[in-house]
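1. model this:
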Amino acid sequence: MSDTPQGRPTLCFIDHSALRWNLAQIRNKVGPKVKILSMVKANGYGHGAAAASRTLRTAGGDAFGVATLEEAVELREAGIQTPIIVLAGFYPNQLEHFLSHSLTPVVHEVVGLKHLDNAVMSSGATLNVHVKVDTGMGRLGFLAAEADSWIPELKKLRALKLEGIFSHFSHAESVQGDYTRKQLEIFTGVVENLSRQNITLPLVHLANSAATITLPAAYFDMVRPGIMLYGVYPSSEMASQISLKPVLTWKTRIL
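-> Residues are numbered from 1 along each chain as shown. A predicted model of the protein is given here:
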């Protein structure tokens, strides 16, 4: 008999009833009219993206957010037909997969926007997209300060359908403070600018987990809860504002 240990002595359990509970608390928080885009990137934050998505879909989740095309295709192959938004965008050679799997890419800058529009036009198809605006995160997105230069480009689109616009708060663990309020102000200004130019996007979204808990002004049409779905508070101070249940539990076997 081999003396080699067989596996680690720790067992992890995913409580799907807790996942449903957390989604229900979010629904109670935002109300019936605000859509919920459940973030299931990074394999559902390590909880199993496909299984978590099936549970969230049946519990009333409206859409899913992932980081990459590969993550999105995994969900489609697992039978998830709910709308999926790929937040990191796309590469030119991925267009066929976005079209065949009915996925929604995010566009972050003008060059990519034009390229994607031309490519989709050449294919004879149409494709929904979301526009990301950088309001202070400093990572990806059309610069809010340069809105007057890129908003006209949105009017020239032929094959792309503008389904949504969003931004991201810089401080995911908190939505308190002047900087967060400034980001909300800047984003609202961009949305109002679009409206003045007769560009209406069906889905405006900004709230991450922290903002979903504490900042109703950031709800708009949809919220994007992430870690709170899995029972993790963005900060301990928020535990008094919403009741979440941990989805992951573990125990150590006695060897």
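2. any idea which helix is longest in this protein?
-> Of all the elements of type helix in the chain, the one with the most residues (DSSP state H) is helix 178-196.
3. in that one, what counts as buried?
-> Buried residues in helix 178-196, defined by neighbour count with 16 or more other Cβ atoms under 10 Å: 180, 183-184, 186-188, 190-191, 194. For the C-beta atoms, the positions are set from N, CA and C on the backbone; glycine is no exception.
4. just stretch 210-223 next, same as before
-> With burial defined by 16+ other Cβ under 10 Å, the residues of stretch 210-223 counted as buried are 210-215, 218-223.
5. pLDDT for these - can I get that in TSV?
-> Rendered in TSV, the data for those read as follows (pLDDT from 0 to 100):
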residue	pLDDT
210	93
211	94
212	95
213	94
214	91
215	93
218	96
219	97
220	98
221	98
222	98
223	98
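6. of these, which belong to strands?
-> Residues of those located in strands (DSSP state E): 222-223.
7. closest to residue 81 out of the buried residues of stretch 210-223?
-> Using Cβ to Cβ, the shortest approach to residue 81 within the buried residues of stretch 210-223 belongs to residue 222, at 18.4 Å.
8. give the closest residue to the most centrally placed residue in the chain in space, chain neighbours not counted.
-> The chain has residue 65 as the residue nearest its centroid, 3.8 Å off, counting by Cα atoms, centre = their mean. Distances taken as Cβ to Cβ, 6 or more residues apart in numbering put residue 39 closest to residue 65, at 4.6 Å, once the chain neighbours are dropped.
9. still on that earlier bit, how far does the host helix or strand of the residue nearest to the centre of the chain sit from its chain's centre?
-> Element membership for residue 65 (DSSP states H and E) is strand 63-66. Distance, stretch centre to chain centre, for strand 63-66: 5 Å (Cα atoms, centre = their mean, to the nearest Å).
10. perfect, I'm done here.
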